[in-house]
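1. fold the following.
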Amino acid sequence: MSANQYINMFSAHLFWDVRREDLDLDKHSEYIIKRVLEYGLLKDWNLLRSYYGLFKIVEVTKEMRDLEPRALAYISAISKTPKEQFRCYAYRQLNPQHWNF
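-> Predicted coordinates:
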């Protein structure tokens, strides 16, 4: 299956702000992985995992500065990787929000 076919199989709401034709699965992997983790459905996750593999998804996610806590908990549980190994977790601990409503 070609990369273009993979992009078109993802849910439409994931990439509402960009043109799908401009996305490259290899070049924009961090953007695509983050969108699927934060806003994707289970079918999007399965599609992402079949293309990249769990190891690559975890390695890319470990380097992200910002990731929703729910998405971090999910990827941490699925991969059995401690949250402390993710950059976004350490960054959040170092910079607490003063007004957390």
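
2. buried residues in the helix or strand hosting Leu72?
-> Element membership for Leu72 (DSSP states H and E) is helix 69-79. Buried residues in helix 69-79, counting neighbours by 16 or more other CB atoms under 10 Å, are found at Ala71, Leu72, Ile75, Ser76, Ser79. Where you see a C-beta, it was placed from the backbone N, CA and C, and this is true even at glycine.

3. residues contacting Asn4?
-> Going by CB atoms under 8 Å, 6 or more residues apart in numbering, Asn4 touches Glu21.

4. got the phi and psi for it?
-> Note on Asn4: its backbone torsions stand at phi -60, psi -40 [degrees, to the nearest 10].

5. before we move on, which element is the residue nearest the centre of the chain in?
-> Nearest to the geometric centre of the chain sits Lys34, at 2.6 Å (CA atoms, centre = their mean). Using DSSP H and E, Lys34 falls within helix 29-39.

6. what does the helix holding Leu72 rub up against?
-> With CB under 8 Å, 6+ apart, helix 69-79 has contacts from 34, 37-38, 54, 57-58, 61, 67, 81-83, 86, 88-89, 92.

7. need the max-distance pair from those residues.
-> Across these, the longest distance by CB to CB is 23.1 Å; it joins Leu54 and Arg92.

8. these two: which is more packed in?
-> More crowded of Leu54 and Arg92, by other CB atoms under 10 Å: Arg92, with 17 against 13.

9. mind pulling up the pLDDT for that one?
-> At Arg92, the pLDDT value in this model is 67.

10. for Phe101, same thing?
-> We note a pLDDT of 62 for Phe101 in this prediction.

11. quick check: closest non-adjacent residue to Met9.
-> In space, and not counting its chain neighbours, Met9 is closest to Leu47: 5.7 Å by CB to CB, 6 or more residues apart in numbering.

12. any idea which element the one you found lies in?
-> Assigned by DSSP H and E, Leu47 belongs to helix 42-52.

13. that helix: what's the following helix or strand?
-> Next along the chain after helix 42-52, taking DSSP H and E as the criterion, comes helix 54-62.
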